[in-house]
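Visitor: could you look at this predicted model? Sequence included:
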Amino acid sequence: MISNVVFDFDGTIADSKSAIISVYNQVAEKHRFKPLFEADIPTLSKLSIPERCHRMNVPIYKLPVLIVEVTRSFKNVVDSVSAFDGMRSVLETLHRHGLTIGIISSNSNENIERFLARQGMESLVQRVHCSSNVFGKDKVISRYLKTYGLTPEQVLYVGDEERDVVACKKTKLRVLSVSWGLESLDVLTRAGPDFIVHQPSDILQRVAELNGLPHLA
């Protein structure tokens with residue numbers, strides 16, 4: 001029985017691609033990394049994180065610092081970021097049916113809470129858990145489960161990246177991948193999530209099916 005739905009933030013709830021590119025390029029110029037263009041995303045999304053770093057001339061050991069700086073600067077553009085069409089309705093429906101909604105992200109609590117307040121969704125999300133640990137998302141998920149006393153059977157994770165799928169397999173969570181994020185559909189398919197959906201309303205149908213219901217409305 002699914003009682004908790006945990007979402008990734010950027011690329012899943014928040015349509016933040018343009019904002020992230022803008023902030024990344026500001027940081028990249030400072031460190032003399034290669035600039036990022038939207039046209040680069042399809043190619044980069046097919047690469048592993050180390051391969052992406054190599055392509056963008058980012059030393060792998062500098063990645064944690066890069067994430068911290070991008071997250072810190074993101075607060076300057078967060079007010080320009082909107083939720084993907086249909087995501088607010090999904091959160092409202094899950095909340096109305098008594099499911100607990102959480103967010104796990106490498107963004108910051110401050111940025112996410114500001115976004116939720118601006119989108120009028122702060123009352124829908126009960127838990128926000130942030131960590132800049134890019135390579136240890138399974139550990140972040142495990143800590144989330146332990147903190148709130150949850151078993152894997154109670155949780156469905158919703159994300160847009162291959163590393164979400166890998167982390168969920170390690171922690172035995174069911175994982176639903178969305179196709180509207182940063183990762184390519186080919187990469188997501190190869191990763192082998194339990195479900196792939198192409199529009200937000202499909203999330204509700206999958207939750208309903210997992211809980212033995214015809215639908216959530």
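Guide: Thanks, I have it. Residues are numbered from 1 along each chain as shown.

Visitor: let me see the contact set for Met35.
Guide: Heads up, residue 35 is Pro, not Met. Contact partners of Pro35, counting by C-beta atoms under 8 Å, 6 or more residues apart in numbering, are 25, 28-29. Every C-beta, even on glycine, is put in place using the N, C-alpha and C of the backbone.

Visitor: pick the one among those residues closest to Arg88.
Guide: Nearest to Arg88 among these is Asn25, at 29.0 Å by C-beta to C-beta.

Visitor: the closest one: helix or strand, and which one exactly?
Guide: In this structure, Asn25 sits in helix 17-31 according to DSSP states H and E.

Visitor: contacts for the lowest-mean-pLDDT helix or strand in the chain, please.
Guide: Least confident helix or strand of the chain, by mean pLDDT, DSSP states H and E, is helix 41-44 with a mean of 88. Identification of contacts with helix 41-44 by C-beta under 8 Å, 6+ apart yields 17, 36, 52, 55-56, 182, 184.

Visitor: emit the PyMOL select command for whichever of those residues are buried.
Guide: Buried subset of the contacts of helix 41-44, written as a PyMOL selection, criterion 16 or more other C-beta atoms under 10 Å:
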select buried, resi 36+52+56+182+184
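
Visitor: closest to Ile203 out of the contacts of helix 41-44?
Guide: Using C-beta to C-beta, the contacts of helix 41-44 come closest to Ile203 at Leu182, 17.7 Å.

Visitor: thinking again about what came up before, make JSON lines out of the contacts of helix 41-44 and add pLDDT, distance to Leu63 and secondary structure.
Guide: Shown next, in JSON lines, are these (pLDDT from 0 to 100; distance: C-beta to C-beta, whole Å; DSSP: H, G, I helix; E, B strand; the rest coil):
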{"residue": "Lys17", "pLDDT": "92", "distance to Leu63": "19", "secondary structure": "helix"}
{"residue": "Leu36", "pLDDT": "95", "distance to Leu63": "14", "secondary structure": "coil"}
{"residue": "Arg52", "pLDDT": "91", "distance to Leu63": "9", "secondary structure": "helix"}
{"residue": "Arg55", "pLDDT": "93", "distance to Leu63": "13", "secondary structure": "helix"}
{"residue": "Met56", "pLDDT": "94", "distance to Leu63": "10", "secondary structure": "coil"}
{"residue": "Leu182", "pLDDT": "85", "distance to Leu63": "16", "secondary structure": "coil"}
{"residue": "Ser184", "pLDDT": "88", "distance to Leu63": "21", "secondary structure": "coil"}
